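# predicted coordinates and the sequence they were generated for:
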Amino acid sequence: MLLRGVKVVDFSAYIAGPGAACILGDWGAEVIKVERPGGDNMRHAFADLKADLGANPTFDLDNRGKRGVVLDITKPAGRDALARLAGSADVFLTNVRPVSLKKYGLDDTTLRAANPRLVYAVITGYGLEGPDAHLPGFDVTAFWARSGLGYMTAPKGAEPFQRTSGMGDHTTSLATVSAILAALYDRERTGQGRLVQTS
């Protein structure tokens, strides 16, 4: 396995972050998924499918092969436990909004000060800088609608089509994996981790 020995802390939800962590796990990394109390929202997004199929294939696809833990970062013990996990990790992957991460001392500066070799990967809707950096963003809004991709794929004068869930999220997963692998390669040369971002 190409990434044997690489430890990834997956502190993300929905599709883009978990999808990236899943690919790293498929390639041999040890992935620890950290969920809030109540679980990743994707666990509940297709409750009707779970009743029909006995499973949630959307959640299961992007979270296979991971170990899991539930931590409440609003409590000091939860924050400390997550910081300890990051302290022994190679990669910390998140799509929690940066303002919340900073509020709880889980931002890249804080975690990389404790673990200088850490590759800190953050996924946002609209990047870390600029007028929309604070806004949340999802596949259907940030990728499909706002980019204009929805209209580009529709016949002239027609409304955009409904598309399958996760199209933009899984594209972002692949971009995130690429950024993480490049940072891990750079760490081998420099000995230092770094912040990488995708949106």
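On my side now, so go ahead.
# okay but residue 187 is in contact with residue 116, surely?
No: Residue 187 is beyond contact range of residue 116, at 9.6 Å (criterion: Cβ atoms under 8 Å). C-betas here are computed from N, CA, C, even on glycine.
# between those two, who's got more neighbours?
residue 187 (17 against 11; other Cβ atoms under 10 Å).
# which helix or strand contains that one?
helix 167-190 (DSSP states H and E).
# shared neighbours of residue 187 and residue 116, anything?
residue 193 (Cβ atoms under 8 Å, 6 or more residues apart in numbering).
# need the three-state assignment for the closest residue to residue 161 other than its chain neighbours.
Nearest non-adjacent residue to residue 161, counting by Cβ to Cβ, 6 or more residues apart in numbering: residue 154, 6.0 Å away. Recorded secondary structure, residue 154: coil (DSSP: H, G, I helix; E, B strand; the rest coil).
# which stretches of the chain form strands?
With DSSP state E, the ranges of strands along the chain come out as 7-11, 30-35, 67-70, 91-94, 119-123, 195-198.
# would you turn the ones you listed into TSV with distance to residue 19, mean pLDDT and mean neighbour count?
TSV is the format used below for these (distance: least, Cβ to Cβ, whole Å; pLDDT from 0 to 100; neighbours: other Cβ atoms under 10 Å):
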stretch	distance to residue 19	mean pLDDT	mean neighbour count
strand 7-11	10	98	25
strand 30-35	12	98	22
strand 67-70	16	98	12
strand 91-94	10	98	28
strand 119-123	10	98	27
strand 195-198	12	97	20
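# before we move on, back to that, other SSEs contacting the helix holding residue 187?
The helices and strands touching helix 167-190, judged by 3 or more Cβ pairs under 8 Å, 6 or more residues apart in numbering; DSSP states H and E, are helix 16-26, strand 91-94, strand 119-123, strand 195-198.
# buried ones in stretch 117-137?
Under the neighbour-count criterion of 16 or more other Cβ atoms under 10 Å, stretch 117-137 has 118-126, 137 buried.
# list the contacts for residue 157?
Contacts of residue 157 by Cβ under 8 Å, 6+ apart: none found.
# ok, the one 3 residues further on next?
With contact set as Cβ under 8 Å, 6+ apart, residue 160 has these partners: 144-145, 150-151, 153-154.
# buried among those? Need that as a selection in PyMOL.
To isolate the buried subset of these in PyMOL, counting by 16+ other Cβ under 10 Å, use the following:
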select buried, resi 144+150
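# hmm, back to that, make TSV out of the strands of the chain and add distance to residue 54.
Formatted as TSV, those follow (distance: least, Cβ to Cβ, whole Å):
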stretch	distance to residue 54
strand 7-11	25
strand 30-35	21
strand 67-70	20
strand 91-94	29
strand 119-123	30
strand 195-198	34
